[in-house]
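Trainee: below is the sequence, then the predicted model.
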Amino acid sequence: MKSVRIGAGLGFYGDSWRPVRASIESGGVKYIASDHLAELTLAILQKDRQKDPNAGYARDCVPMLIELWPLAAGRGVKFVMNAGGLNPHGAREAVARAFREKGYKATIAVITGDSISDRIDDLQVRGETLAHMDTGADIGSVRERLLFANAYLGAAPIAEALAQGADIVITGRVADAALSLGPIMHELNWRWDDWEKLAQGLTVGHLLECSGQASGGNFGSAGEWAKVQNFLHLGYPIAEVSEDGSALLTKAPGTGGRVSFDTLRQQLLYEVHNPHAYFSPDVVLDMGTLHFDDKGDDRVRITGAGGAKRPDTLKVVAGYHDGWMGLGQIGFSWPDAYLKCETSANIIKGLIEERGWALDDINIEYMGYNALLGANADASQRDSLNECFLRMTVRTKDKRIAEGFSRLFPWLGLSGPPYAGGLRGSERSRELLGLWPTLVRREAIEPGVAIDVEAVA
């Protein structure tokens, strides 16, 4: 029976590609599916693009491919990556330039059409409300502040780019799992309306999309995580997908980590609202019928995904200017570590009040006490903390206030509670970008999708 092996690449912008080497060298993979775009990453890339119009892509794709392409090319391994971000052509140009300097050869495809930033008015004229999908709010409230808007495309253009001979496929925003589903569809020639096989492929892509999180990273409850072996050389997950839709999840031999029923079920439910209706551009997945058969030795067989017809709409995430953030931090040691932080917070609040600053929001955290637990922190522990750090942030429409807020903190080093350390202040303000999720009919977007294939020699 025909099958294809796909290895996980990065799970986010800035992730490590070191474990990908083992997947290429000894994992028998034909494709690396590399996910560089978390939900918020486009906001980061937009800030890059504001500084440099040639930026806007995930820059780590260049050193990643420079290091891995010599290993991959000789083995016939191909890459599918959404590192194009807001500027897929810019990403290819950067990779091509680096390849030419090294003398590498490759055929690189770019997929565009996910950006609808310049089509907002036209889409509304055509009947797309672009209302906030969670609150129903009218997009008019942020229309003048919009900076980008990108739809989540599916696997079809990726499969087509591979059919056109691409060795490396660089996309903008696509559904994370589409990075794996595209190669699966290309290799196994499933029908685009075979919903149950598509659901199996979507399951595989969902399990691979977060790199080491499916193979022992970020795994387990108290005590369980410590049983995972050799984090230093943790291997990324690999999926062997067969023509009948079944899949075997594993990792490269000799690598650290763990692939098991438990590691995979934790990843399966990651970022899932409704396990019985997990929407993607290509299929709606019902996880309730999935069967994970743990074979031992880091091998889990996956069958039984339920699939339903793909949705009529595509998700779009738009980003808009949402004010400025100011940040300050100061830490203290025992005795009275928490009390010193609380006193410092009250001083800062008093300074804000004296200045009459208009803030949209203020956040106060005591790291070492309640930064994670919030209101659930055990108040009886406050007086015995060995150390505590006050971290305060504000959100405001006025950039000058955000910058002024950060400058309030250094003064506390000599004029506040005793024995301060870890001061952070006098920093530049940060622009805040809000996210606006919405839905658009797929027929309003898909005709604009383009595939451009170019040989680099």
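Mentor: Received it, and whenever you're ready, just let me know what you need.

Trainee: can you give me every residue that contacts residue 3?
Mentor: 188, 240, 241, 242, 243 (C-beta atoms under 8 Å, 6 or more residues apart in numbering). Every residue, glycine included, has its C-beta placed from N, CA and C.

Trainee: change it to 7 Å
Mentor: 240, 241, 242, 243 (C-beta atoms under 7 Å, 6 or more residues apart in numbering).

Trainee: in the sheet, who's paired with it?
Mentor: residue 242 (DSSP bridges).

Trainee: measure it to residue 179 for me?
Mentor: 18 Å (C-beta to C-beta, to the nearest Å).

Trainee: just to revisit the earlier point, for residue 432, state which of the contacts of residue 3 is nearest.
Mentor: Closest to residue 432 out of those is residue 241 (40.9 Å), distances taken as C-beta to C-beta.

Trainee: need the contact list for the closest one.
Mentor: 3, 4, 6, 184, 188, 201, 204, 247.

Trainee: how far away from the center of its chain is the longest strand anywhere in the chain?
Mentor: In the chain, taking DSSP state E as the definition, the longest strand is strand 313-333. Between the centre of strand 313-333 and the centre of its host chain there is 16 Å, according to C-alpha atoms, centre = their mean, to the nearest Å.

Trainee: what comes up buried for the helix ranked longest in the chain?
Mentor: The longest helix of the chain (DSSP state H) is helix 337-355. For helix 337-355, burial by neighbour count (16 or more other C-beta atoms under 10 Å) applies to 337, 338, 340, 341, 342, 343, 344, 345, 347, 348, 352.

Trainee: for stretch 254-269, same thing?
Mentor: 255, 256, 257, 258, 259, 260, 262, 263, 264, 266, 267, 268.

Trainee: can you list contacts of it?
Mentor: Residues contacting stretch 254-269 (C-beta under 7 Å, 6+ apart): 19, 22, 206-207, 210, 212-217, 219, 228-235, 237, 249-251, 275, 287, 292, 294, 298-300.

Trainee: so the longest helix of the chain versus strand 313-333, what angle?
Mentor: Calculated by axes from the mean of the first three to the mean of the last three C-alpha atoms, to 10 degrees, helix 337-355 forms an angle of 110 degrees with strand 313-333.

Trainee: what's helix 337-355 packed up against?
Mentor: strand 313-333, strand 361-367, strand 387-396 (3 or more C-beta pairs under 7 Å, 6 or more residues apart in numbering; DSSP states H and E).

Trainee: put together TSV for those strands, with distance to residue 115 on each row.
Mentor: Output for the helices and strands packed on helix 337-355, formatted as TSV (distance: least, C-beta to C-beta, whole Å):
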stretch	distance to residue 115
strand 313-333	10
strand 361-367	30
strand 387-396	27
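
Trainee: coming back round to it: pick the one among the contacts of residue 3 closest to residue 126.
Mentor: Using C-beta to C-beta, these come closest to residue 126 at residue 241, 37.9 Å.

Trainee: which residue packs closest to that closest one, ignoring adjacent ones?
Mentor: residue 247 (4.7 Å; C-beta to C-beta, 6 or more residues apart in numbering).

Trainee: burial of that neighbour, as a residue count?
Mentor: Neighbour count of residue 247, defined by other C-beta atoms under 10 Å: 23.
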